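>>> The sequence and its predicted three-dimensional model are supplied below.
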Amino acid sequence: MPNSTLKERHSTIDHNSLQNTHLREIIDSFAKLTKPKNIHICDGSQKEYNQLAQEMVASGTFRPVSDRPNSYYCQSDPSDVARAEDRTFICTTNQDDAGPTNNWADPNKMMAELKGKFDGCMTGRTLYIIPFSMGPVGSPLSEIGIQFSDSPYVVCSMKIMTRMGTDVLDVLGTSNNFVKCYHSVGAPLADGEKDVPWPCEPNVDNKYITHFPETNEIWSYGSGYGGNALLGKKCFALRIASAIAKRDGWLAEHMLILGITNPQGVKKYIAAAFPSACGKTNLAMLTPTIPGWKVETVGDDIAWMRFNDKGELRAINPEAGFFGVAPGTSYNSNPNAMNSIKENVIFTNVGYSDEGKIWWEGMGEEAPKNMIDWQNNTYDPNSGKVAAHANSRFATPASQCPSIDENWESPDGVHISAILFGGRRGDIVPLVHEALSWNHGVFMGSAVSSEKTAAALGKLGEVRRDPFAMLPFCGYNMGDYFKHWIELGKKHNTNLPKVFYVNWFRRDENGKFMWPGFGDNSRVLEWVFNRVDGSAKGEATPIGLVPPKGELNTAGLDISDEQMEKLLDVDKALWLQEADAIEEYYKQFGAHLPSELNQELQLLRDRLRK
Ligand code: SAT
Ligand code: MN
């Protein structure tokens, strides 16, 4: 069947009339491969969104949320609830370019395997073509992608999470400079076969999340969930973009961006890297408990950063929405998030009541009487089973966030004066410490460690190294990535941000969190802010500078001096063990490990032994 006879469904754009011949050719060959029933070029309009949402309500994929206008509830297949890291591949000609922390695959072999999977995979379905911009449409810092997908859920989610639609095609013009994002849920429909609410390939071994950084292509098969399927996010804005950034001298990072203003009205911007599901969204939207301070949100997950000609590091948030973890989000933990999700939201894998209201554990509200859980079973509070999956999410437009920063869409980005690293560690890592230099900061970032969370499939709780919180997201050799950070510091050494490491999750001998966290994290931000402008003191420890006694603002907090001491304690013996562990972990990078990091490790040991 020639593709020109493919039925165009309620799309205002006819693909044969597309200006961009590259795009037209790709659509034709991809449709030939995947054999969809229909083809639909997305214009990104609200009308289109509403129509798709209504179709999904009719098919049972979506259920309307009764107390939130234009919002929908959705349950995924139980096999498809998080990123599939074991099935995520970087496909480069040389295995060395993917490095020891990525699953590597030969690009030709992988492409052949993928072609087999994609052959006919859209039978009975509609192929949606989704033009989107990461970053404000037309900004020089932005990049364009075209996602191909057979999932209307993905289309609606992409409308929230990215800038999507016709204006992106206008900016693209006839250029071939866009990231090709091929996606299928991997569930062809035979003639007359009834669809399921969440089509996907249930066998995890048949899922593929593959990246071709040499040709700026992403091929994702078998999953409809989160970062596996919303390809603008981790696949493009991190894995592919990090490889582009390495070539072009900038940084694509797994970082939130926040603006913080002191009582005198001085504002600074901070970027912070934490592994998935460690509270980045909460920190980005934090409501300070210290009087007179204000925090505003630029982004909650991804930062693209470049040095400008003044040597300032400028950051943009390439996304347009928040894909936040639902459980634990409440008016207490994150009022700004709660106020961001009053309308135009897609909720996935939370609980849903017979009155059409959504609910999750830690929402700060009593569970509704009659509710189904994320697996569509009647929720029984006595069963010990949760209503909301630990990685259940809300997708909501960033523009709805009450704390959104006035510069969040500024084409020049915002000036970053401090970078925070952090993870979830019950022990040894103090509440906050400051790097002694840029290279020491890179060392800290390279050794980020965290207890595993539910954002990825696998065992929870286990401590793993997650360098720069980029372990699952770096599109090239992690050793070269460290080198890139060192090199940028050398090249732009006049106005570098200060680097810090935080840990909100330290526990006492009874296993209790010692720091209240959430809004009180503003106290740590205050010290960071004042360190940047030189008005706060830092006390030297072997691992870096910590706030000296009395320097961290604990006014109004029920915390003893003894507890503060414990929170900031640096145990030399344990840190010497940590240094051994870092040395062991560094071995995998071989010759790709920059010598500067070995030097930093040596300096750390010297300071610990003094
Ligand atoms: O990758 S997701 O977008 O599904 C969420 C995350 O891991 O941060
Ligand atoms: Mn993330």
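Yes, it's here. Ligands and ions are numbered 1, 2, ... in the order given.
>>> Next up, phi/psi of the closest residue to T348 other than its chain neighbours, please.
Of all residues not flanking T348 in the chain, C74 sits nearest, at 4.8 Å (C-beta to C-beta, 6 or more residues apart in numbering). Every residue, glycine included, has its C-beta placed from N, CA and C. For C74, the backbone dihedrals (degrees, to the nearest 10) come out as phi -140, psi 140.
>>> just Q46 next, same as before
Taking degrees, to the nearest 10 as the convention, Q46 sits at phi -60, psi -40.
>>> Number the chain from 12, please
That works, and once the first residue is 12, the last one we named lands at Q57.
>>> Neighbours of it, how many?
10 (other C-beta atoms under 10 Å).
>>> and V443, how many residues sit next to it?
28.
>>> Same question for D130.
Neighbours of D130 (other C-beta under 10 Å): 14.
>>> can you check M349 too?
Neighbourhood size, M349 [other C-beta under 10 Å]: 18.
>>> Could you list which residues are in contact with the residue of the stretch 262-411 of the chain found nearest ligand 1?
Across the stretch 262-411 of the chain, no residue is closer to ligand 1 than S287, which sits at 3.3 Å (C-beta to the nearest ligand atom). Counting by C-beta atoms under 8 Å, 6 or more residues apart in numbering, S287 makes contact with R94, H265, T464, A466, A467, A480, P483.
>>> For the residue nearest to T359, give the beta-bridge partners.
F73, T359 (DSSP bridges).
>>> What of M175?
F143.
>>> That one and C53 touch, don't they?
Yes - using C-beta atoms under 8 Å, M175 is in contact with C53, at 6.5 Å.
>>> neighbours of the closest residue to ligand 1 within the stretch 412-561 of the chain, just the number please.
Closest contact between the stretch 412-561 of the chain and ligand 1, by C-beta to the nearest ligand atom, is at A466 (3.7 Å). A466 sits with 21 neighbouring residues when counted by other C-beta under 10 Å.
>>> Doesn't D178 belong to a strand?
No - D178: not assigned to a strand; according to DSSP: H, G, I helix; E, B strand; the rest coil it is helix.
>>> right, and it touches P147 too?
No - when contacts are counted by C-beta under 8 Å, D178 is not listed as touching P147 (10.7 Å).
>>> okay, the two: which has more neighbours?
Remark: of D178 and P147, P147 carries more neighbours, 18 against 15, as counted by other C-beta under 10 Å.
>>> Identify the residues contacting that one.
So P147 contacts S153, R174, I327, E420, P422 (C-beta under 8 Å, 6+ apart).
>>> now N532: how far from ligand 2?
18 Å (C-beta to the ion, to the nearest Å).
>>> Just the element for that residue, please.
Using DSSP states H and E, the element containing N532 is helix 532-543.
>>> Kindly write the ChimeraX command that selects the buried subset of the contacts of P147.
Buried subset of those, written as a ChimeraX selection, criterion 16 or more other C-beta atoms under 10 Å:
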select :153,174,327,420
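>>> any chance of the contacts of P147 in JSON lines, with distance to ligand 1, secondary structure and pLDDT too?
Shown next, in JSON lines, are these (distance: C-beta to the nearest ligand atom, whole Å; DSSP: H, G, I helix; E, B strand; the rest coil; pLDDT from 0 to 100):
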{"residue": "S153", "distance to ligand 1": "19", "secondary structure": "coil", "pLDDT": "94"}
{"residue": "R174", "distance to ligand 1": "17", "secondary structure": "strand", "pLDDT": "98"}
{"residue": "I327", "distance to ligand 1": "18", "secondary structure": "strand", "pLDDT": "97"}
{"residue": "E420", "distance to ligand 1": "21", "secondary structure": "coil", "pLDDT": "97"}
{"residue": "P422", "distance to ligand 1": "25", "secondary structure": "coil", "pLDDT": "90"}
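>>> what's the pLDDT at G472?
Note on G472: pLDDT of 67.
>>> Determine which residue belonging to the stretch 12-161 of the chain approaches ligand 1 most closely.
Closest to ligand 1 within the stretch 12-161 of the chain is R94: 4.7 Å, counting by C-beta to the nearest ligand atom.
>>> phi, psi of that residue?
phi -70, psi 140.
>>> So what pairs up with it in the strands?
Assessed by DSSP bridges, R94 has beta-bridge partners A467.
>>> Next, the contact list for it, please.
Counting by C-beta under 8 Å, 6+ apart, R94 has contacts I220, Y236, G237, G238, N239, K245, S287, A466, A467, L468, P483.
>>> Tally up the residues packed near G260, please.
13.
>>> Apologies, that question was intended for I383.
I383: 17 neighbours (other C-beta under 10 Å).
>>> Just the pLDDT for it.
98.
>>> What backbone torsions are found at it?
phi -110, psi 150.
>>> Which residue does the stretch 362-511 of the chain have closest to ligand 2?
A466 (6.9 Å; C-beta to the ion).
>>> what secondary structure does the nearest residue to that residue once chain neighbours are set aside sit in?
Nearest non-adjacent residue to A466, counting by C-beta to C-beta, 6+ apart: S287, 3.4 Å away. Assigned by three-state DSSP, the conformation of S287 is coil.
>>> Quick one: residues contacting the nearest residue to V336 once chain neighbours are set aside.
Using C-beta to C-beta, 6+ apart and skipping the chain neighbours, the partner closest in space to V336 is A288 (5.3 Å). A288 sits next to V336, N402, T464, A465, A466 when contact means C-beta under 8 Å, 6+ apart.
>>> for this structure, what are the low-confidence residue spans?
12-23, 470-472 (pLDDT under 70).
>>> phi, psi of I255?
phi -60, psi -40.
>>> burial of it, as a residue count?
Applying other C-beta under 10 Å, I find that I255 has 17 neighbouring residues.
>>> Near ligand 1, which residues of the stretch 462-611 of the chain are found?
A466 (C-beta under 6 Å from any ligand atom).
>>> same check, this time on the stretch 12-161 of the chain
Counting by C-beta under 6 Å from any ligand atom, the stretch 12-161 of the chain sits next to ligand 1 at R94.
>>> If we ignore the residues flanking it in sequence, what's nearest Q610?
N450 (7.6 Å).
>>> Assumed that neighbour was part of a strand.
No - read with three-state DSSP, N450 is helix and lies in no strand.
>>> my guess is it meets N609, correct?
No - in this structure, N450 is not within contact of N609 by C-beta under 8 Å, at 10.9 Å.
>>> between those two, which one's more packed in?
Using other C-beta under 10 Å, the more surrounded residue of N450 and N609 is N450, with 20 against 13.
>>> For that one, give me its contacts.
N450 sits in contact with I497, G500, E607, L608, Q610, E611, where contact means C-beta under 8 Å, 6+ apart.
>>> Please confirm that the third one is located within a strand.
Pointing back at E607 there. No - under three-state DSSP, E607 falls outside any strand and is assigned helix.
>>> neighbours of it, just the number please.
21.
>>> Any figure for the gap between it and I554?
17 Å (C-beta to C-beta, to the nearest Å).
>>> Can you tell me the closest non-neighbouring residue to L267?
A295 (4.0 Å).
>>> Next one: V539 relative to L619, how far apart?
In terms of C-beta to C-beta, V539 sits 24 Å off from L619.
>>> Neighbour count for the two, which is higher?
Per other C-beta under 10 Å, whichever of V539 and L619 has more neighbours is V539, with 24 against 19.
>>> quick one: contacts for the more buried one?
Per C-beta under 8 Å, 6+ apart, neighbours of V539: I281, A429, L431, V443, E445, K509, F511.
>>> In strands, which of these fall?
Assigned to strands by DSSP state E, the following of those qualify: I281, A429, L431, V443, E445, K509, F511.
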